[in-house]
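A.B. asks: Let's see this in three dimensions:
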Amino acid sequence: MYKKFIRPVLFCIDPEKIHNLSIRSGKFFALFGLSIVLRKFFVYKNKKLEQKICGIKFENPVGLAAGFDKNAELVDLMPDIGFGFVEIGSVTAKPCEGNPKPRLHRLVKNRGIIVNYGLVSDGAKKVRDKLKGRKFRIPVGVSVAKTNDRKIKGDGSVEDYFEGFQIMKNSGDYITINISCPNAGDGRSFEDSVLLEKLLEKIKKVRKKEIIFVKISPDIGIKDLDKIISLAGRYDVNGFVVSNLTKNRKEIYKEDNLKYPGGISGKANAKKSNELIKYIYRKTGGKFVIIGCGGIFNGEDAYEKIKSGANLVQLITGMIYEGPAVIGRINRELARLLERDGYSNIGEAVGRER
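C.D. replies: Numbering: from 1, shown residues only. The predicted model follows:
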């Protein structure tokens, strides 16, 4: 129904307007308790999908990736859509309006989106206050990124990241340090191992029990990735989110909207994301928790990431193209695939690619 009747209408409207409408509608449903109706249609539960990771219980491995609920407005709704966890943000230390509009463009042939938001954020203090003292039905992660300001460079970037971390560190079940956003400042990521080490050193001095992940780009080189893996081991980082948007446009179908700047989400990320997941898992012997992200549209896509080494998966674009029912469908398909392969729990399938 969604793909045949609803999506054609939505795809005639500016994508950012649809995103904003989704946020407002979701808040309305959650505020008035209407989301219980959604639960009956979208939620799928199965014991095979339950895991405990870093002391956090996940009822299923499918999460909402950072970038959709930027300012923690839909956390109460997400369990009723069927998600097992949600990652809000990315949140920046200071408020940021992001890049000029238009900054979202659909790539229908590629089942993707060009994203050039530029880290729109209400700012860490405001987002923290929304979450303060609240209890949630599913785990909530907080993605922290550098404020999108060209004046913030070098050691100033370290201080900005650290400020955001300090403000948000007690606001969720885990913190993701997003060093991979391709749409901020001068368009470069924070995957400089020297700067990252300075940041991790500062975090180490104030860290208590926070669960920390590092989010990487699909375009990262192996030498740079090896340095980050080494730092992660040295500073007790718990894991990685693999991966963010790609800037690589060489291997995708040509479309008119490709003239616009930004990182690309969706199917264009699937292959590279899986390769990086596999590389990290094999290189480290499964030492780190891996959250796989990029190009998930069905249960097979999610299962491929899990078999490559991902403990959990995230998506946004798949939900936009397939509709909110895709979450329950992915979980149902995962349970079927586990049954087919003789696994009693999703954790048994991690890294078991033949």
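A.B. asks: remind me which residues of the protein are low pLDDT?
C.D. replies: For the chain, residues meeting the criterion pLDDT under 70 lie at 182-190, 354.
A.B. asks: which helices and strands does the top strand by length along the chain pack with?
C.D. replies: In the chain, taking DSSP state E as the definition, the longest strand is strand 85-92. The helices and strands touching strand 85-92, judged by 3 or more Cβ pairs under 8 Å, 6 or more residues apart in numbering; DSSP states H and E, are strand 62-64, helix 124-131, strand 140-145, helix 155-168, strand 174-178. The way it works is simple: take the backbone N, C-alpha and C, and place the C-beta from them, glycine included.
A.B. asks: contacting residues around the nearest residue to Gly118 once chain neighbours are set aside?
C.D. replies: Distances taken as Cβ to Cβ, 6 or more residues apart in numbering put Asn99 closest to Gly118, at 3.3 Å, once the chain neighbours are dropped. Residues in contact with Asn99 (Cβ atoms under 8 Å, 6 or more residues apart in numbering) are 116-118, 148, 183.
A.B. asks: need these in a markdown table with distance to Lys4, secondary structure and neighbour count, can you?
C.D. replies: What follows is those, written out as a markdown table (distance: Cβ to Cβ, whole Å; DSSP: H, G, I helix; E, B strand; the rest coil; neighbours: other Cβ atoms under 10 Å):
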| residue | distance to Lys4 | secondary structure | neighbour count |
| --- | --- | --- | --- |
| Asn116 | 30 | coil | 20 |
| Tyr117 | 29 | coil | 24 |
| Gly118 | 34 | coil | 19 |
| Asn148 | 38 | coil | 22 |
| Asn183 | 33 | coil | 24 |
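A.B. asks: Asp234: neighbouring residues, count only.
C.D. replies: If you look again at residue 234, you'll see it is Arg, not Asp. Neighbour count for Arg234, taken as other Cβ atoms under 10 Å: 12.
A.B. asks: Would you mind measuring from it to Glu197?
C.D. replies: For Arg234, the distance to Glu197 equals 8 Å [Cβ to Cβ, to the nearest Å].
A.B. asks: Val43 is in contact with Gly82, correct?
C.D. replies: Yes: counting by Cβ atoms under 8 Å, Val43 is a contact partner of Gly82 at 4.7 Å.
A.B. asks: Give me the nearest residue to the residue most central in space within the chain, chain neighbours excluded.
C.D. replies: The structure's the chain has its C-alpha centroid closest to Ala65; by Cα atoms, centre = their mean the separation is 2.7 Å. Leaving aside its chain neighbours, Ala65 sits nearest to Gln314 (3.7 Å; criterion: Cβ to Cβ, 6+ apart).
A.B. asks: Can I get the helix or strand harbouring the one you found as CSV, trimmed to CA atoms?
C.D. replies: Taking DSSP states H and E as the definition, Gln314 sits inside strand 312-315. C-alpha atoms of strand 312-315 as CSV (Å, rounded to 0.1, in the frame of the first residue of the first chain):
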residue,chain,number,x,y,z
LEU,A,312,23.2,-4.4,15.4
VAL,A,313,22.0,-2.5,12.3
GLN,A,314,20.5,0.9,11.5
LEU,A,315,18.6,2.5,8.7
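A.B. asks: Identify all contacting residues around it.
C.D. replies: 51, 53, 58, 61-66, 84-85, 87, 241, 289-293, 296-297, 302, 305-306, 326.
A.B. asks: and if you look at stretch 264-272?
C.D. replies: Against stretch 264-272 from outside (Cβ under 8 Å, 6+ apart): 67, 107, 110-115, 218-219, 243, 245-249, 251-252, 293-297, 301, 316-318, 321.
A.B. asks: That one: which residues count as buried?
C.D. replies: 264-270, 272 (16 or more other Cβ atoms under 10 Å).
A.B. asks: Endpoints of it, how far apart?
C.D. replies: End-to-end distance of stretch 264-272 (Cα to Cα, to the nearest Å): 13 Å.
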